[in-house]
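1. Mind looking at a prediction? Sequence and model below.
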Amino acid sequence: MKLTRREALAGAAAAALAGAGIYELADRLGGDAPKRKSVGRMGAADQHALELGVVEHEGVEVVVPPLHHRLVTARIAAGDPRTAQRELEDALVALEQRFDPTTPAGLGVTVAWGLPYFDRVVPHQAAVHVPIDRRASAERRKRVLLDAVRFPSDPGETILEQNDVAVLLRSDVPAHVNDGAKALFQDLRVFEVTSIRNGFVGGGLPKRMAAAAGIRGAELIPDGAQLFLGFTSTQKDALGPRGIANFETLGYAELGPRAYFRGGTNMHVSHLFEDIEAWYLNFDFQERVDTAFKPGMRVKADAQTVPQGRHQVASGGEVRRDFRDTGRIGHRAAIQTSSRLQRDVVGHDGTLYRRGTAIPQRADFDTLDNPFAWSSEPARDSLQAAPAAGVHFVVFNPTSDDFHRNRLAMDGVLPDGTRLPLPARARGQGFNSVLRTTHRQNFLVPPRTHRSFPLAEL
């Protein structure tokens, strides 16, 4: 019997959810088992936080992310959202009973919701309870969750997605990721999958996977590199500390009459292709340092982990001087003008966050998806079977606007209004000359207590 398109798509999605295809390489190749020192238990309310622990690498404390990642986007299937809310929560609780939800040895599950869900399924409740962004509301009131936008260096064809939901699955054990995906998207019937995105971080996997997949320039990736582009990205001091990215912590958000989303955050998701061969052949090591961090920065030859503490933070004035003197901006230096605290701040609970403290909490991962492992709209998404080097960029910020400010700084649009005259994707524009963004979307991550179909019970 000939399969309908819907049945064929469902079968292909099931195979992708099971880890089939190029991602099977990650399971076969394995990853060096991470060694972590505990940093203490994370807040129970924060469904986006994991106990990741740290190691010291090249004299720098580094947070060790899970080895294996999968992000699944979906639409809401037809039916009563209150019934679906109960069914999803039951499935999530069942997974937590099987796998520790707080550590990479188990399975971390983060459920995030897009604007289409709030605007279509719970519009009246969302109008009351989705927090307002105080900083972004100078001229008119804006919510903490905004539509994604194209940035100056994005291609015109970058797709601004409109998914209802995104679920991030993270573990050191690939079978746990597969089991979680099956439980939420095959056994449960509340979602219609729109994309499946797989990847990995650290453990020696970036070079091994790229080489096994025949990626051009794979042999140039340093042994043991955390990511394809060679440099470590999870220095402890470069990531926001526990709780700082939550809506309430820095006072960026007005939580509303019931503070329904206290303990929640914003999640940005995008996919970018990376030209590994161009990165290593066209940029010598010093220029890679200049590009990734700051022009003229001196580090040990072939270093992978570069200190990024509070006292290594660049100011807007330094970024402008670097551009005047060299015609380039460093990726980290430019973003630090927005992503680091510009003064000491006392959080909502009395915690003191010092000037220079990082705010975003990154959860991005390398991928061989092209651009996804599976898509319900392969023509629109330009899905290709051949593997391609890239990154699924996932980051938690206090608001969508906060992420937009950070990303604009990457293009030389600084918080004080300075616009450095950099052509889109120019060599002097940090990483942008070897990156190409294909998709973007912002999501709201509720606290754990409201992770399943938020506001539906109201």
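-> Done, it's in.
2. Could you pull up the residues touching Phe403?
-> By C-beta atoms under 8 Å, 6 or more residues apart in numbering, the residues touching Phe403 are Asn266, His268, Pro360, Val395, Asn397, Asn442. (C-beta placed from N, C-alpha, C; glycine too.)
3. again, only this time at 10 Å
-> By C-beta atoms under 10 Å, 6 or more residues apart in numbering, Phe403 lies in contact with 146, 148, 245, 266-268, 270, 338-339, 359-360, 395-397, 442.
4. Buried residues of stretch 402-412, list them for me.
-> Residues of stretch 402-412 classed as buried: Asp402, Phe403, His404, Arg405, Asn406, Arg407, Leu408, Ala409, Met410, Asp411, Gly412 (neighbour count, 16 or more other C-beta atoms under 10 Å).
5. I'd like the residues you listed laid out as TSV, including distance to Thr437 and secondary structure.
-> Formatted as TSV, the buried residues of stretch 402-412 follow (distance: C-beta to C-beta, whole Å; DSSP: H, G, I helix; E, B strand; the rest coil):
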residue	distance to Thr437	secondary structure
Asp402	19	helix
Phe403	13	helix
His404	14	helix
Arg405	17	helix
Asn406	14	helix
Arg407	10	helix
Leu408	14	helix
Ala409	16	helix
Met410	11	helix
Asp411	11	coil
Gly412	16	coil
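6. Could you tell me the model confidence score at Glu254?
-> The model reports Glu254 with a pLDDT of 96.
7. if we can go back for a sec, now, among the contacts of Phe403, which is nearest to Met297?
-> Nearest to Met297 among the contacts of Phe403: Ser339, at 17.4 Å, using C-beta to C-beta.
8. the helices in the stretch 301-450 of the chain, which residues?
-> Using DSSP state H, counting those that start in this stretch, the helices of the stretch 301-450 of the chain run over 316-326, 331-339, 400-410.
9. repeat for the stretch 101-250 of the chain
-> For the stretch 101-250 of the chain, the helices defined by DSSP H, counting those that start in this stretch occupy 115-120, 123-129, 174-185, 205-212.
10. Give me the mean pLDDT for the second one.
-> Which is helix 123-129. Mean per-residue pLDDT for helix 123-129: 97.
11. Who are the packing partners of it?
-> Here helix 123-129 touches helix 115-120, going by 3 or more C-beta pairs under 10 Å, 6 or more residues apart in numbering; DSSP states H and E.
12. Show me the shaky parts of this structure.
-> Counting by pLDDT under 70, the chain has low-confidence residues at 1-12, 15, 18-21, 23, 26-27, 29-45.
13. Which one, of the helices of the stretch 301-450 of the chain, ends up nearest to Thr158?
-> Judged by C-beta to C-beta, the one of these that comes nearest to Thr158 is helix 400-410, at 12.0 Å.
14. Counting neighbours, what do you get for Ala212?
-> Each residue near Ala212 was counted by other C-beta atoms under 10 Å, and the total is 17.
15. Where does the residue nearest to it when sequence neighbours are not counted sit: helix, strand or coil?
-> Excluding the flanking residues, the one nearest Ala212 by C-beta to C-beta, 6 or more residues apart in numbering is Leu25, at 5.1 Å. Here Leu25 is recorded as helix under DSSP: H, G, I helix; E, B strand; the rest coil.
16. Burial check on Leu25, number of neighbours?
-> By other C-beta under 10 Å, the residues close to Leu25 number 18.
17. what's the spacing between it and Ala379?
-> 26 Å (C-beta to C-beta, to the nearest Å).
18. thinking again about what came up before, the residue nearest to Ala212: what's it in contact with?
-> Taking C-beta under 10 Å, 6+ apart as the contact definition, Leu25 lies against Phe200, Leu205, Arg208, Met209, Ala211, Ala212, Ala213, Leu368, Pro387.
19. do Asn163 as well
-> Neighbour list for Asn163: 72-76, 112-117, 193-195, 269, 439, 441, 443 [criterion: C-beta under 10 Å, 6+ apart].
20. Try it again at 8 Å.
-> Thr73, Ala74, Arg75, Gly114, Pro116, Thr194, Ser195, Gln441.
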